[in-house]
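A.B. asks: Pasting the sequence and the predicted coordinates here, then a few questions.
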Amino acid sequence: MIEEKDVSQPQPAAQFPIAGHIRWTVAALLFFATTINYLDRQVLGVLKPTLSTELHWSESDYADIVFWFQAAYAIGLLCFGRIIDRIGTRRGYAVAIGVWSVAAILHAGVRSASGFAIVRFVLGLGEAGNFPAGIKTIAEWFPKRERALAAGLMNAGSNVGAVITPLIVPILVLSFGWRSAFIVTGAVGFIWLAAWLAIYRVPRAHKRLGAAELALIESDPPDPVVAVRWRDLFRLRATWAFVIAKFLTDPIWYLFLFWLPDFFAKTYHLDLKTFGPPLVVIYVLADVGSIGGGWLSSTLIKRGFSVNDGRKLALLVSAILVIPVAFASVASSLWLAVGIVGLAAAAHQGWSANLYALVTDTVPKSAVASVIGIGSAAGAVGGMIMAKSVGAILDGIGSYLPIFIWASSIYLVALLIVHLLLPRLRVVAPD
């Protein structure tokens, strides 16, 4: 039996007019972890034109390297979700960032395409822990009406990481060589790890958390307290809605991360010294979209919309804003292309913030990290398919046009499937 519990009407925020800010300190930690996660992930994409020339990579060689990162990311997500639900967010996050920081530094010691594939595989395993741990932390520290905003803030770190990378990597490469970029960015993770272990505790174990803020955090009707078996999660519509949505839309974000430098290099003849500003603009816009998308649904819910209506309206707005990306590869100027891709990147991040929050709306807290892991693994598999497809298309016809056309429509398809599977958002738990 599966019992459904309606969570569409959270308690009004006015019942808790005074509360502390510790939960936002936690959100800031998640933001910085995600910044570092994407900083380490994005270095290879920024260096792709340089390494392709120096190490004589074909498009398919690079696609294979990305493919193995995605494969490890998928495996790691399946493992880390369950691990974090078992050992908790504090220890789980520490293990994840420790593994991926070591792997990031190891990039400096390899030269061949196969060597990069191996270290990218290890990097993918470690980086897979970020979102399961982060979204579970949000479920522990935030009431439902604030979760999309908190998820948007956390997800904004991915854009900041992507903004910082094209700014600092050229400086490091031109001053000290490409290996220094991997060493410096990888070492930053250990600074965050020390701060995380010193600061983070679950709410009831946090000594600085006041009674008013704790009451706000725990203000939602309690979720069912159950031990959910991992295999039983596949019986839930909420799991499949998240899995399908991630499988269809995550590859678009991977396209932006791993191929935008190449797109600008091929289409507008930019190089390591010149594609920084366009990438910075795109990822700043993505940051606005991440926080704005979370703010939109959180604000709608606070103003009386149900959780169901607030989340889905925000998802619909995001899906519509992606549509113009179909014209990115035929834009008449560089900055028009930057604006189109930037709008799509912003919409994707707004979409992601609400999609993550949707899991916390429909799955018991004890299984949130597992479902995030399963769905994100599906997104990584989609990214693997995207990597192979993009490599084949570019080797075959040398055009990004069919890739961007596909990207423009897939969010609306994903939203339709989510709505059909979850016509109402409810917490679902095994009886």
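C.D. replies: Yes, it's here.

A.B. asks: Surely W196 is in contact with L29?
C.D. replies: Yes - judged on C-beta atoms under 8 Å, W196 makes contact with L29 at a distance of 6.1 Å. Where C-beta positions appear, they are placed from N, C-alpha and C, glycine not excepted.

A.B. asks: element containing the closest residue to Y200 other than its chain neighbours?
C.D. replies: In space, and not counting its chain neighbours, Y200 is closest to R90: 5.3 Å by C-beta to C-beta, 6 or more residues apart in numbering. According to DSSP states H and E, R90 maps onto helix 89-106.

A.B. asks: Okay, buried residues for the helix or strand hosting A380 please.
C.D. replies: Applying DSSP H and E as the criterion places A380 in helix 368-396. Residues of helix 368-396 classed as buried: 368-384, 386-391, 393-394 (neighbour count, 16 or more other C-beta atoms under 10 Å).

A.B. asks: Let me know the next secondary structure element after it.
C.D. replies: Helix 368-396 is succeeded, C-terminally, by helix 401-421 (DSSP H and E).

A.B. asks: Please find the angle between the direction vectors of that following helix and helix 368-396.
C.D. replies: If you take axes from the mean of the first three to the mean of the last three C-alpha atoms, to 10 degrees, helix 401-421 sits at 150 degrees to helix 368-396.

A.B. asks: Let the chain start at 4 from now.
C.D. replies: Done: numbering now begins at 4, and the last item shifts to helix 404-424.

A.B. asks: which residues does A214 contact?
C.D. replies: Residues near A214 by C-beta atoms under 8 Å, 6 or more residues apart in numbering: none.

A.B. asks: The one 3 residues further on now?
C.D. replies: The contact partners of L217, by C-beta under 8 Å, 6+ apart, come to 206-207.

A.B. asks: That one looks like it's in a helix, true?
C.D. replies: Yes - counting by DSSP: H, G, I helix; E, B strand; the rest coil, L217 falls inside a helix.

A.B. asks: Look up how far R211 lies from it.
C.D. replies: In this view, L217 and R211 are 11 Å apart by C-beta to C-beta, to the nearest Å.

A.B. asks: Could you give me the buried positions within the helix holding R93?
C.D. replies: So for helix 92-109, counting by 16+ other C-beta under 10 Å, buried means 92-93, 95-100, 102-109.

A.B. asks: cool, and stretch 308-324?
C.D. replies: Those would be 308-315, 317-322, 324, for stretch 308-324 by 16+ other C-beta under 10 Å.

A.B. asks: Mind checking which of these land in helices?
C.D. replies: Applying DSSP state H to the buried residues of stretch 308-324, the entries found in helices are 310-315, 317-322, 324.

A.B. asks: From Y257, how far off is the residue nearest to P405 when sequence neighbours are not counted?
C.D. replies: Nearest residue to P405, sequence neighbours excluded (C-beta to C-beta, 6+ apart): I396, at 6.4 Å. Distance, I396 to Y257, using C-beta to C-beta: 15 Å.

A.B. asks: Can you give me every residue that contacts the residue nearest to Y203?
C.D. replies: Residues in contact with R93 (C-beta under 8 Å, 6+ apart) are 199-200, 203-205.

A.B. asks: and the angle from the host helix or strand of I68 to helix 92-109?
C.D. replies: Using DSSP H and E, I68 maps to helix 62-90. Interaxial angle, helix 62-90 versus helix 92-109 (the same axes, to 10 degrees): 160 degrees.

A.B. asks: pLDDT of helix 62-90, averaged?
C.D. replies: Averaging pLDDT along helix 62-90 gives 84.

A.B. asks: how far is it from where the chain is centred?
C.D. replies: Relative to its chain's centre, helix 62-90 lies at 13 Å (C-alpha atoms, centre = their mean, to the nearest Å).

A.B. asks: May I see the buried residues of it?
C.D. replies: In helix 62-90, counting by 16+ other C-beta under 10 Å, buried: 62-88.

A.B. asks: likewise stretch 421-429?
C.D. replies: Within stretch 421-429, the residues that count as buried by 16+ other C-beta under 10 Å are 421, 424-425, 428-429.

A.B. asks: Give me the contacts around stretch 332-343.
C.D. replies: Contacts for stretch 332-343 (C-beta under 8 Å, 6+ apart): 266-267, 270-271, 273, 281, 284-285, 327-328, 330-331, 402-404, 406-407.

A.B. asks: Sitting in helices, which of those residues do you find?
C.D. replies: 266-267, 270-271, 281, 284-285, 404, 406-407.

A.B. asks: Mind giving me the ChimeraX select for those, buried ones only?
C.D. replies: Only the buried entries of these go into this ChimeraX selection, using 16+ other C-beta under 10 Å:
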select :266,267,270,271,281,284,285,406,407
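
A.B. asks: Of all pairs in the ones in helices among the contacts of stretch 332-343, which one spans the longest distance?
C.D. replies: Farthest apart among the ones in helices among the contacts of stretch 332-343 by C-beta to C-beta are V284 and L404. That separation is 22.0 Å.

A.B. asks: ends of stretch 49-69, how far apart?
C.D. replies: With C-alpha to C-alpha, to the nearest Å as the measure, the first residue of stretch 49-69 is 13 Å from its last.

A.B. asks: thinking again about what came up before, where's the dip in pLDDT among the buried residues of stretch 421-429?
C.D. replies: R429 (73).

A.B. asks: Quickly list what that residue is bridged to.
C.D. replies: Beta-bridge partners recorded for R429 (DSSP bridges): D9.

A.B. asks: which SS class is L346?
C.D. replies: helix.

A.B. asks: show me what contacts it?
C.D. replies: L346 makes contact with 288, 324-325, 327-328, according to C-beta under 8 Å, 6+ apart.
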